[in-house]
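J.: Got a predicted structure plus its sequence, pasted below:
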Amino acid sequence: MTNFEGVKATPSFSNNMARELPLVAARATNDNAFVTNPPSAKIPDTPEARATADAQLAKPYAIALATRSYHTSISPPDVPVAPESTLGRWRTQLDSAFKSPGFISWAKEQGLDTKKLKLDPFLGELTAIVNGQLQTFSLTDDSGWSDISRVLLSIAKAIAPMSGQAFDYPWPEGKVPLYTVGRFYGEPVDLSPSQAASHIKQLKEGRAFEFAPVKQALQRSVEALAGHEEALGNEANRHALLAALRSQVDDAEGKIDLSNVRVAIDPRSSLFLREQRREISVAQLLEEQGQKPPASSELAHDLANAMSFDLAHRVPGADAGGVRHIVGLLNKTSLRKMKAVVDQWKLAHASQAAEPQVGAGAGSLLRSLISTLSASEKKAIADNPSWGVDQLIRSPDAQALGSAIQTRIKLAASPTGALEALTAALLQELDPNPERSRFNVAGYNLYKSENVGACAAEIVKRFTAHLESKVGVEAAPLAAQLLLSAVAPELLVKNTPANLVYGSHTWAEFSIAVALVEHEAPGASGNMTFSQVMSYADAQLRILEGREALAAASTDPLIAWGLANQVIKCNPKGQYTSEEIEQSLKVLKKQKKELEWARVELMKPTPTRQEAALAEFKRVFPEVDPTKATLRSVHEAGYVVSPLDVYMTKPQHLDWWKSRNEKEFSWEQVKARFSELDDNIDKKFSDEFEVYTKTQAAAWAIQFKYQVSLLPWVEQERIKNSEVTFVGVSRPFLGTKLNSRGGLFPERIPRTPTPHELKELDGVCGLLMKVKAADGKVEYYSYFPGLGKIVKEQGVPEEQSNFDDSKYFPSDSTPRVPGTNNVFTIFDAVDPNPASPDVAGEESAPYFSRRTGRLATVVGKFFTKDYGDLKARAAGETIIEKNNRKIKAINDFILSLVPFYDGIKDAIKGNVAGSVFNLGFDLLGFFLPGARAASRAAKLGKSTGKILKSSFFAGLGASTGVTDTIELPKNLKRGAVALGQDARSLQKHADEVLPRLKGNYGSYEVTRTYKEGDIVKGFYQIESDGVYKPIVAILKKGGWYAYSSVTNTPFGPQLVQFGTLSALQSSNKPK
């Protein structure tokens, strides 16, 4: 929780103070009258008008400061602030932001008390009272705050941009807290006694008081204020659109017509300023934004959900948030010019350096820039490389170099242009290979076999170690951050669960989700959390047209999964065919199908004898409720039972019972048809339970196979080629009895335990694996299905008196007695595979191998070995059987099994308190809806279970164009389509490719004359002998530049070779 200064409205100056400063107080009264003028006399926003109002504001601020110094024991007063002053104008914008329909709607949804808020613009946090409790909303939570706060926080940062400048809100009408005023104008607030005395003396003498020039002048300028006002209008339009979509209801034919639904256009918005219209149809507004109007309410709700995510809040900014990479857009000429600027800078820097650089990376641009950082900044780099990169590329020296590069290679003018230019130079020096990718970056394959089973943090750690020999230990974390943000942003997403590992289908889907984010907003995923990325991608999946974008985003993740699971073989050049990718997808989909089946089976409730009997009874007597106690004994009126009790009890003795009320229930009629019922319900139940046990064993086996596939490759190979013995772990029985032959003082001696007592000591929650290699080396692994992982043990468990067996037993079980050893009992063993030739197809994947299947079968048997006891519980007993005492009472051991098996169901649901599964996905790797997704689904009246069913691979395959998508762009790159030079193929598919680019922009036409600011879709060729890339471009100062529809800004170099495919190909033909 962020600490804030107490900021409260206080009474006017005290009588004592007024008597001491009569002249000044009188002036304040006049000034206050001016300050609180109503906004009806609105003065145009000009620097001159601001300066006049600021000068007048200085007087009441000076008196308030004196009052603050005089009354040291009270809270600081509020200062009257004229709406025409610089602060007053921004305060008006802040009020508008807090009153915007988007914020009000979100606040109502969260249950906020908007009368008492605390805002920290620097941290992007809002603290409020929710249901009587203080709660802080941050940009990394799933509340939706990050999606509605971008403009609000931007306005607030203009008022209080620095750390520690949080403030309470709302403010009194026409006033602003003293602290905020002082900080805004750069004036001291807390004066020392001597300073306070001097200040009061100056006021008494009537000396003038003036503010220093306003800081952050550009951020607080007239133009900046106008831009924020327009942004507020755009946000209002966005909220109106989302509200209209969410309010749709289907007609009798299950359709909606959004051309007849109209929304008001906010007069502050860019749409109004451009078209001067007061309203617009929802269909037209969607088409303006490049969206196809949905035809049903369900599609409208899904579209609203997808459009509610504000990626613009996550894109790299001028002050923080990483950087968008443009090096892939630079041609050889630009790269050569960039290098010349960098070389000149490094030469000048080296001549000024106190000491020459030595060691790895000496003389590099990265090392040179690091040398300009402070000692504290250098020390923090290793702990927080993301922060380190932000500091490095935004340092004055770096910005100056970036601006020089930007000018030299003619990059688009934008707030982040210098950052992008500098980073391009850093990347090019770190890895000049134009084909850099996840599979080969700076000479390292991020997705090599050794990294299978590793989490993102571990892969980053290994990559950083690899770079140390190239750039040095100090620079390696920054180099890794820069390179990864360019080629593998999935490794830099915040709050990624530690149990999300490379090689899992979950990792593949997560990587696709990141690619979808990066395709829309390059650099944004590094400023998002795992949960936010998955929620965004899930929403996009529901509205993607044709799946082309999904197929493009899936390519590298499918390759990586195929490599990890040995479906495809590693290519040193990192190039893979469409057939290999199709094979990877095929095997992956089969694995997911198995895992989905296992999930369903493990979630099924245990069948019971009562359910079987009830189903049979309902078959014959559908109109009767046999569970009601409608019968009584003919011998004892108080002995009451149900017809189901009679049916389930053998022998039935139908004549022993009579109806308690023959009019309500005719026992005689039912009894006459009892012969139609299956006379052996026990066998029927037994058969059903046998089937249940078999399917459960298969489901346990599948879960084990999945966990084995997530182990590091070296561990998988060891298990594959070794003899594996499965061992049950239990605790020793310590029961004793008196020795009857002990004479006068009989001693206690060990006694033989009962079967029930032995079962109570069984470690039912885990299974130990003893893995003995051909060379005799032995390793031990513990498999814990409830935790969803296999753990490699240290040493030999049988030889350890302190072996940690806690995970083998339910959490509430009594710990093992100190000083005692566990009992290890061999359950089964599996020999290593005999020598066999390499297999192809699905069996090449260890998950589907026969060897893994044999191991999994043993595991399935182990975790169903006690299902006989569960069966006894499921059989239960009727009232009659209980009275007859013909069935033994269920022992405590059977009851102790129930929490374990129920706990597995909870773990699958992700509901294990404190477990690793409360992080976004379940035991079998399926994503679980976060709080925000569940909330949105509830608002739309949908089950969050639908989220589990949605798959990143649903709809992908040859039938829907993965092959076509890969064949069409033979050089498919990181979520964007790059086209090869086959003229016929290009011409054939050109009309299909450009529409995939987001935005309602027309295609470039050679014969058309374009004007400044026009936006079109076309093809860009980096080199005359290179590939063609589809791109959205804007005309600026006579040249075409890449355009971001998220930030509405140009970026990158001038697209010299931009236009239609036919025109570009013609220009490349030899003369």
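T.: Here it is on my side, so go on. Everything quoted here is computed from the prediction, not taken from an experiment.
J.: show me the contacts for residue 999.
T.: If you count contacts by Cβ atoms under 8 Å, 6 or more residues apart in numbering, residue 999 has them with 289, 290, 1015, 1017, 1032, 1045. Backbone N, C-alpha and C define where each C-beta goes, glycine included.
J.: 6 Å instead?
T.: Contact partners of residue 999, counting by Cβ atoms under 6 Å, 6 or more residues apart in numbering, are 290, 1032, 1045.
J.: ok, so of those residues, who is nearest residue 121?
T.: Within the contacts of residue 999, proximity to residue 121 (Cβ to Cβ) peaks at residue 1045, which comes in at 26.7 Å.
J.: I'd like to know which elements the helix or strand encompassing residue 245 is packed against.
T.: Per DSSP states H and E, residue 245 falls inside helix 222-246. The elements that helix 222-246 packs onto, with contact taken as 3 or more Cβ pairs under 6 Å, 6 or more residues apart in numbering; DSSP states H and E, are helix 86-98, helix 101-110, helix 150-159, helix 297-307.
J.: residues of that helix that come out buried?
T.: Buried residues in helix 222-246, counted by 16 or more other Cβ atoms under 10 Å: 224-225, 228-242, 244-246.
J.: tell me the domain boundaries of this protein?
T.: Domain segmentation of the chain under automatic domain parsing yields 15-220, 225-249+257-305, 609-658, 722-832, 979-1068.
J.: Any idea which of the ones you listed gets closest to residue 379?
T.: domain 15-220 (18.9 Å).
J.: can you redo the domains of the chain as JSON lines with mean pLDDT and distance to residue 401?
T.: Below are these laid out as JSON lines (pLDDT from 0 to 100; distance: least, Cβ to Cβ, whole Å):
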{"stretch": "domain 15-220", "mean pLDDT": "81", "distance to residue 401": "21"}
{"stretch": "domain 225-249+257-305", "mean pLDDT": "94", "distance to residue 401": "28"}
{"stretch": "domain 609-658", "mean pLDDT": "94", "distance to residue 401": "74"}
{"stretch": "domain 722-832", "mean pLDDT": "89", "distance to residue 401": "47"}
{"stretch": "domain 979-1068", "mean pLDDT": "76", "distance to residue 401": "17"}
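J.: So for residue 463, which of those domains sits nearest?
T.: That would be, of those and by Cβ to Cβ, domain 722-832, which comes in at 23.1 Å.
J.: The residue lying closest to residue 188 once chain neighbours are set aside sits in which helix or strand?
T.: Excluding its sequence neighbours, the residue lying closest to residue 188 (Cβ to Cβ, 6 or more residues apart in numbering) is residue 182, at 6.7 Å. Here residue 182 is covered by helix 178-185, with elements defined by DSSP H and E.
J.: The next helix or strand after that helix packs against which elements?
T.: Later in the chain than helix 178-185, the nearest helix or strand by DSSP H and E is helix 193-204. Applying 3+ Cβ pairs under 6 Å, 6+ apart, we find helix 193-204 packed against helix 47-70.
J.: Distance check, residue 338 against residue 1040.
T.: 20 Å (Cβ to Cβ, to the nearest Å).
J.: Same check on residue 616?
T.: Counting by Cβ to Cβ, the gap from residue 616 to residue 1040 is 76 Å.
J.: Same drill for those two, tell me which one is more crowded.
T.: Ranked by neighbour count (other Cβ atoms under 10 Å), residue 616 and residue 1040 place residue 1040 first, with 25 against 20.
J.: Which residues are in contact with that one?
T.: 1033, 1055, 1058.
J.: Narrow these to those in strands?
T.: Judged by DSSP state E, strands contain the following of those: 1033, 1058.
J.: how about the contacts of residue 1040 in CSV, adding neighbour count and distance to residue 851?
T.: Formatted as CSV, the contacts of residue 1040 follow (neighbours: other Cβ atoms under 10 Å; distance: Cβ to Cβ, whole Å):
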residue, neighbour count, distance to residue 851
1033, 26, 54
1055, 23, 54
1058, 22, 55
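J.: okay if I get the contacts of residue 1040 as JSON lines plus distance to residue 589?
T.: Below are the contacts of residue 1040 laid out as JSON lines (distance: Cβ to Cβ, whole Å):
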{"residue": "1033", "distance to residue 589": "37"}
{"residue": "1055", "distance to residue 589": "39"}
{"residue": "1058", "distance to residue 589": "39"}
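J.: which one among the contacts of residue 1040 gets closest to residue 364?
T.: Closest approach to residue 364 among these (Cβ to Cβ): residue 1055, at 30.0 Å.
J.: picking that back up, pull the number of nearby residues for the residue nearest to residue 188.
T.: Residue 182 has 21 nearby residues by other Cβ under 10 Å.
J.: now do the one 10 residues further on
T.: Residue 192: 10 surrounding residues under other Cβ under 10 Å.
J.: do residue 635 as well
T.: Neighbourhood size, residue 635 [other Cβ under 10 Å]: 8.
J.: for the one 3 residues further on, same thing?
T.: The local packing count at residue 638 equals 6, with neighbours defined by other Cβ under 10 Å.
J.: now do the one 4 residues further on
T.: Counted by other Cβ under 10 Å, the residues lying close to residue 642 total 19.
J.: Now for it: which residues touch it?
T.: 626, 627, 628, 629 are the contacts of residue 642 under Cβ under 6 Å, 6+ apart.
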